[in-house]
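Q: next one to model:
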Amino acid sequence: MSEHPELPPTTTTAEARDELFGVHIPELQLPLADYRAGLGAAGLAAGEYYLELGSGHGHGLVIAAREFEADAHGVEYLEDAITTALARAVKAGVVDRVDIVRDDVRRTSFAPADVVHMHLGPAFHDVLAERLEQQLTPNARVVAAGWQVPGWLPLPSALEAWDAGYVYRPADPRWQVSWGAVEPLAADALDQPAHTVAVNVHADLAAIEVRIDGADAPDAEAVVSSARAGRGQQVHVAWSAPEGARFELALWARSRNGRFTQRGSTFTPDAGLDEA
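A: Predicted coordinates for the structure are as follows:
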C-alpha cells in the first residue's frame, strides 16, 4: 500500500476546501452488479492496471482484484473511506493486489492505466476528459458509470452489454471522430459530382487532414473545413470524384498532446450516398 501524502484535513463540504472532489456521497454508490457488468464490458483482463477515481469504500477495487485478477489502484480523498476499503481488501484476501492513494483525482496520473473507472457525476466526468485523452494509451478504456462523458463516442459493443453506463477509448483514433450526414454540393462550376459529409469530433484535435485511398484515389479531390476542432464540435469534408469512382476518405489528425493518429476513422462515399 502507498503512503498517504500529507494533504489538508477533510471538511464537510467540497466548497469549504474550494475543491470539486473529496465528498463521499451515498447516492453515488454503485451497485456491485453494475461494477461487474461495467468491468466486463470494458474487457478488464488479468494483470491489467485498473484505476478507480473516487474509489470510496473499495467495492470496485475488490471486484477488480478478486474476480478479474487485475492490479487494482484507487484514488480517494477521505481517510475513513480508504481505511474501510483496505479492510475490505484484507477480508477478501486481495490486499496484495490493491493499492489506494489519498489525493485529488485532478492531480492523478492516468498514464499507466489499462482501464479507468469513474462514477463521479456529469460535471466531474467533463472536467477529467481532456487529461484522460492526453495521458491514456490508445488501447486504454474508460468506464463512465451512470453518466456520459460529453462529446466522447461510446463503444457500441459495450452499450449492448451494459445498460448502466458507457465504455470509451478516448485516445484511440478510431473513436475520436465519427462520420455523419452526407449532402450534395452545388456543382454548377464543377466538372464532376461533389458532396460533403459531416464529421463529429470526439476529442481535442489539431492538424486535421483528409487523405484519399483506393483504386480511383487519383481521380478524387477532398478538403476538410477546419484543421482544428474540439470535443463535441463538427467539421465537414467536401469531395468530388467521377461518378462510380471507388475510393475511401480517411481522417488524420494530431491530438492536442502531440500524438499523431494512425489512420483514424474512414468513410466510403458510396456507402454514405446509399444512406443519404
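Q: I'd like to check what contacts whatever helix or strand residue 253 lives in. Which residues are they?
A: In the assignment (DSSP states H and E), residue 253 maps to strand 248-255. The contact list for strand 248-255 (C-beta atoms under 8 Å, 6 or more residues apart in numbering) reads 133-134, 171, 173, 176-177, 197, 199, 203-214, 222, 224, 237, 239, 260-261, 263-269. Yep, even glycine has a C-beta here, placed from its N, CA and C like the rest.
Q: among these, which lie within strands?
A: 177, 197, 199, 205-213, 222, 224, 237, 239, 266-267 (DSSP state E).
Q: buried residues in the strand holding residue 253?
A: Counting neighbours by 16 or more other C-beta atoms under 10 Å, one finds that the buried residues in strand 248-255 are 248, 249, 250, 251, 252, 253, 254, 255.
Q: cool, and stretch 69-86?
A: Under 16+ other C-beta under 10 Å, the buried positions of stretch 69-86 are 70-78, 81-82, 84-86.
Q: and which of those residues is nearest to residue 61?
A: Nearest to residue 61 among the buried residues of stretch 69-86: residue 72, at 4.3 Å, using C-beta to C-beta.
Q: do I have it right that the closest one meets residue 59?
A: No: using C-beta atoms under 8 Å, residue 72 makes no contact with residue 59, being 11.0 Å away.
Q: what is the rounded mean pLDDT of the strand or helix carrying residue 51?
A: If you go by DSSP H and E, residue 51 is part of strand 49-53. Taken as a whole, strand 49-53 has an average pLDDT of 97.
Q: partner strands of that strand, parallel or antiparallel?
A: In the sheet, strand 49-53 lines up against strand 71-76 (parallel), strand 115-118 (parallel) (DSSP bridges).
Q: among these, which comes closest to residue 158?
A: Closest to residue 158 of those, according to C-beta to C-beta: strand 115-118, at 11.7 Å.
Q: relative to the whole chain's centre, how far out is the closest one?
A: On the basis of C-alpha atoms, centre = their mean, to the nearest Å, strand 115-118 sits 10 Å off its chain's mean C-alpha point.
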